[in-house]
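Engineer: Below: sequence and its predicted model.
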Amino acid sequence: MTTPEDSRPGPGFALFGLVTGLATGAGVYAILQYWVDESTKQRLAPTALIAVAVFGSVLLLLAERGARLKAVLPAALVAALVAGPTYFLLVAADPNANLSEFPLFFWFFIAAPLAGFLLTTLAKATILDGAPPPYRSVFFHGLTLPLIAGGAKLFALLALVLIFAWAALLKAMNVDFFHKLFQEPWFMLPFLGGVGGLSIALMRGMESVLGALRFLLLLFCRIAMPITAVFSLTFIGVLAANGTDAIFSQPYPGAIMLGLAFAGMLIFNGVYQNGEGGPPALWLRLSTIVALATFPAYAGLAAYALWLRIGEYGLTPARIAGAAMNGLAAIYSVVCLAGLLTELNWNGKRWMPLVAPFNTAMAALWIIVLLVLASPLVNPWALSAKSQELRLATGKVSADEFDFGYLRFKLGDYGEAALDRLEALHSHPEAAKIRAGVAKARAASNEWFYDFPDEAPVEAEAPSEAEASAPPGPMQLQLHPEGADLGDDDTPATEDQPEGDPQQ
């Protein structure tokens, strides 16, 4: 494995980071200025913007001393793999959808950053140590790259605070040139890119700081592991005594269970580390065994909660993502069981040797699942629309209880197509009610008016007799009263204006 000292960037890497960041910021500005504004329906331009930003940042994370060009192709591949699903989602999404809705929220704020991180980690380990990358290299870079990115963001934020404070100080001294300059996108976007690139380069050179941060993270995992084990035993005991109603009656029980499962997974990997050492101290070893033994319980409860929701309410984009995450948690339960089986050899020199190769394979599997979820292979809107349509068509839910507005306002063109097919179900026992529900959904201008059709807009009250006879206030005066002189003080108003003049 390449040591940190061997992969540390040379003194010229700061300049490389600055230039790469400036070029990335300039590319983002060019796209925003000359491409995105051409059409509100543009989908390729935002995708290109994301690809440029991902390429620049990944290139700075992958570049090594004396082998910077070697990182260009892997960085371009990571950018392309992130950009492909982005373009599909932007094309398939309803034009009125916003980023707070699934699956857009899941992709842009969870799946895309996580897939990009895992891709960059595997690419970094492969560049330095060959393919397939050893787990010790995957673990090292998987732990280090987020620290570099987080430190670079902190440096960039501090730089922004300083320059705006500087500009504000100069403006107070009647020098507002820099304050105006910092409002210009043509300056700020390349500047932000340059600061970000330089920050990544500087952070990569601070190996002592990175080493201290890695130590703190791994120390936290060792402290958190016995706490996790005690909590898991208590949680399982309470569930066995009181049943699962207390959990399943809460909002999003599956998400809660998945969160606990994945938190335990991260803590375990922090204790396990690179898979090359021997067993830890007895107290930590026993705590880890308890945590691994209870991990399948969290995954099973999450899967059961999701199964109940899907069975009762059908598929939605959020439940499709949840099902995928449940599948990954279930598969990782196999990794946990493999680790527990190796504990039968209590006196082995290596601790849980099967976990290391499984972890590398799991990283690749996560990437595949996250990318496929945002691809035409698993179109969440189409699958959800089909699932909801089948619930009504097969009589699983009555027309009175069916949410036609969800198809109309949440699933875009796929929901509209499902409404068309439902409207054509003339042989259905509730055909008349179905057509009425479709008509109601299409008559509503938005989801609120569908849910509350009887809520009419509040009409303004007529003014009282006293208010009507009162002289007009400043807000009631006409802006350009008829016959008023609109010219300057010394220039008479123009009497004849050509028809169609913008001032008319």
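Structural biologist: Everything's here; your move.
Engineer: For the spatially most central residue of the chain, which residues are in contact?
Structural biologist: Nearest to the mean C-alpha position of the chain, counting by CA atoms, centre = their mean, stands residue 109 at 1.0 Å. Residue 109 is in contact with residue 99, counting by CB atoms under 8 Å, 6 or more residues apart in numbering. Just so you know, the C-beta spots here come from the backbone N, C-alpha and C atoms, and that holds for glycine as well.
Engineer: what about 10 Å?
Structural biologist: By CB atoms under 10 Å, 6 or more residues apart in numbering, the contact set of residue 109 is 99, 100.
Engineer: Could you check the pLDDT of it?
Structural biologist: pLDDT, residue 109: 93.
Engineer: same check, this time on residue 449
Structural biologist: For residue 449, the model assigns a pLDDT of 82.
Engineer: What is the distance between the helix ranked longest in the chain and the centre of its chain?
Structural biologist: When secondary structure is assigned using DSSP state H, the longest helix within the chain turns out to be helix 135-172. Distance of helix 135-172 from its chain centroid, counting by CA atoms, centre = their mean, to the nearest Å, is 20 Å.
Engineer: Repeat that for stretch 395-413.
Structural biologist: In this view, stretch 395-413 has its centroid 27 Å away from the chain centroid, taken as CA atoms, centre = their mean.
Engineer: again, but for stretch 416-423
Structural biologist: Counting by CA atoms, centre = their mean, stretch 416-423 comes out at 31 Å from the chain centroid.
Engineer: in that stretch, what's buried?
Structural biologist: Across stretch 416-423, burial judged by 16 or more other CB atoms under 10 Å covers 417, 418, 419, 422.
Engineer: Poorly predicted segments of the stretch 251-400 of the chain, please.
Structural biologist: Within the stretch 251-400 of the chain, no stretch falls below the threshold (pLDDT under 70).
Engineer: With respect to residue 294, which of the buried residues of stretch 416-423 is nearest?
Structural biologist: Closest to residue 294 out of the buried residues of stretch 416-423 is residue 418 (41.2 Å), distances taken as CB to CB.
Engineer: can I assume the closest one is in contact with residue 403?
Structural biologist: No: assessed by CB atoms under 10 Å, residue 418 is found out of contact with residue 403, at 11.9 Å.
Engineer: Overlap in contacts, the two.
Structural biologist: 388, 392.
Engineer: Which residue ranges make up the domains of this structure?
Structural biologist: Using automatic domain parsing, the domain parsing of the chain gives 4-205, 211-378, 380-451.
Engineer: List the residues that contact residue 422.
Structural biologist: Contacts for residue 422 were tallied using CB under 10 Å, 6+ apart; they are 388-389, 392-393, 399, 402, 404, 407, 428, 431, 434-435, 437-438.
Engineer: hmm, 8 Å instead?
Structural biologist: The contact partners of residue 422, taken as CB under 8 Å, 6+ apart, are 389, 392, 393, 434, 438.
Engineer: Select from those the one having the most neighbours.
Structural biologist: With neighbours taken as other CB atoms under 10 Å, the top of these is residue 392, carrying 25 neighbours.
Engineer: Next up, the contacts around that one.
Structural biologist: Applying CB under 8 Å, 6+ apart, one finds that residue 392 lies in contact with 399, 402, 422, 434.
Engineer: can you redo those as JSON lines with distance to residue 340?
Structural biologist: Shown next, in JSON lines, are those (distance: CB to CB, whole Å):
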{"residue": "399", "distance to residue 340": "51"}
{"residue": "402", "distance to residue 340": "46"}
{"residue": "422", "distance to residue 340": "50"}
{"residue": "434", "distance to residue 340": "52"}
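Engineer: Just the ones in strands from these, please.
Structural biologist: Within those, no residue falls in strands by DSSP state E.
Engineer: Just these: which are in helices?
Structural biologist: Among these, DSSP H puts 422, 434 in helices.
Engineer: Give the buried residues for the helix or strand hosting residue 287.
Structural biologist: According to DSSP states H and E, residue 287 maps onto helix 282-313. Neighbour counts over helix 282-313 (16+ other CB under 10 Å) mark 284-285, 287-306, 309-310 as buried.
Engineer: ok, the contacts of residue 392 vs residue 214, which is closest?
Structural biologist: Nearest member of the contacts of residue 392 to residue 214, counting by CB to CB, is residue 402, at 53.2 Å.
Engineer: got the contact list for the closest one?
Structural biologist: Taking CB under 8 Å, 6+ apart, we find residue 402 in contact with 388, 391, 392, 434, 437.
Engineer: 10 Å instead, please
Structural biologist: By CB under 10 Å, 6+ apart, the neighbours of residue 402 are 314, 388, 389, 391, 392, 396, 422, 430, 433, 434, 437.
Engineer: Distance check, it against residue 386.
Structural biologist: Applying CB to CB, to the nearest Å, the value for residue 402 to residue 386 is 14 Å.
Engineer: related to what we said a few turns ago, helix or strand right after the longest helix of the chain?
Structural biologist: Immediately after helix 135-172, counting by DSSP H and E, sits helix 177-181.
Engineer: Which strands or helices does that following helix pack on?
Structural biologist: In terms of contacts (3 or more CB pairs under 10 Å, 6 or more residues apart in numbering; DSSP states H and E), helix 177-181 is packed against helix 135-172, helix 185-204.
Engineer: Dump these to a markdown table, plus mean pLDDT, mean neighbour count and distance to residue 30.
Structural biologist: Converted to a markdown table, these look like this (pLDDT from 0 to 100; neighbours: other CB atoms under 10 Å; distance: least, CB to CB, whole Å):
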| stretch | mean pLDDT | mean neighbour count | distance to residue 30 |
| --- | --- | --- | --- |
| helix 135-172 | 89 | 17 | 21 |
| helix 185-204 | 89 | 22 | 9 |
